[in-house]
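**Q** let me see the structure of the following:
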Amino acid sequence: MSQAVMDKAAELGNLITETKEYADVKEKQSAMFKDGNAVELLQAYDELKKTQKEKQEKGEQLTDEDTKAMENAEAQLSGNASINGFFEAQNKFQQLLNSAIETVIKPCREN
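**A** Residues are numbered from 1 along each chain as shown. Presented below is the predicted three-dimensional model:
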């Protein structure tokens, strides 16, 4: 493995941590985990998702009630400002990472 490539990758990683997008994700994540209601909603959603996955792994069909429960949990997540703020910041950060990856692989596509 080329040490020069690894050095540039480390440099890129360091630069990414200095971006506004990264700072926003960290800030919004912290705010979300300090919001007791957001934490409860996330835990309830995770538990519901786990239960439904286990049901499907057993070969059981999800009922209309199961589907409605998931839709309700997702609506509650969407209704929480802390969770929404984190998801929006996370999406912007992911866009930055995707753009960086595209820039890195562009020369490989051109050759």
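**Q** and the spatially most central residue of the chain, what does it touch?
**A** Ranked by distance to the mean C-alpha position of the chain (Cα atoms, centre = their mean), the top residue is Gln90 at 5.8 Å. Contacts of Gln90 were listed using Cβ atoms under 8 Å, 6 or more residues apart in numbering, and they are 25, 28. Every C-beta, even on glycine, is put in place using the N, C-alpha and C of the backbone.
**Q** host element of it?
**A** Taking DSSP states H and E as the definition, Gln90 sits inside helix 81-110.
**Q** for that helix, give the mean pLDDT please.
**A** Confidence over helix 81-110 (mean pLDDT, whole number) is 95.
**Q** what comes up buried for that helix?
**A** Within helix 81-110, the residues that qualify as buried are 82-83, 85-86, 89, 92-93, 96, counting by 16 or more other Cβ atoms under 10 Å.
**Q** what does stretch 39-46 give?
**A** In stretch 39-46, counting by 16+ other Cβ under 10 Å, buried: 41-42, 45.
**Q** now, which of those sits nearest Ser30?
**A** Distance to Ser30 across these (Cβ to Cβ) is lowest for Leu42, with 14.1 Å.
**Q** residues in contact with the helix or strand hosting that closest one?
**A** Assigned by DSSP H and E, Leu42 falls within helix 36-57. Judged by Cβ under 8 Å, 6+ apart, the contacts made with helix 36-57 from elsewhere in the structure are 32-33, 62, 66, 69-70, 73-74, 76-77, 80, 82-83.
**Q** can you pick out the most distant pair from those?
**A** The largest separation in the contacts of helix 36-57, counting by Cβ to Cβ, is between Phe33 and Leu62 at 29.6 Å.
**Q** and stretch 29-38, how far from the chain's centre?
**A** The chain centroid and the centroid of stretch 29-38 are separated by 15 Å, computed with Cα atoms, centre = their mean, to the nearest Å.
**Q** just the CA coordinates for that stretch, please, in PDB.
**A** Coordinates of the C-alpha atoms in stretch 29-38 are reproduced here as PDB (Å, rounded to 0.1, in the frame of the first residue of the first chain):
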ATOM      1  CA  GLN A  29     -25.900  15.000  17.600                       C
ATOM      2  CA  SER A  30     -25.000  16.300  21.100                       C
ATOM      3  CA  ALA A  31     -28.300  18.400  21.200                       C
ATOM      4  CA  MET A  32     -30.300  15.300  20.200                       C
ATOM      5  CA  PHE A  33     -28.800  13.100  22.900                       C
ATOM      6  CA  LYS A  34     -29.500  15.900  25.500                       C
ATOM      7  CA  ASP A  35     -33.100  16.000  24.400                       C
ATOM      8  CA  GLY A  36     -34.800  13.300  26.700                       C
ATOM      9  CA  ASN A  37     -37.800  13.100  24.400                       C
ATOM     10  CA  ALA A  38     -35.600  12.500  21.300                       C
END
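**Q** this completes my enquiry, with thanks.
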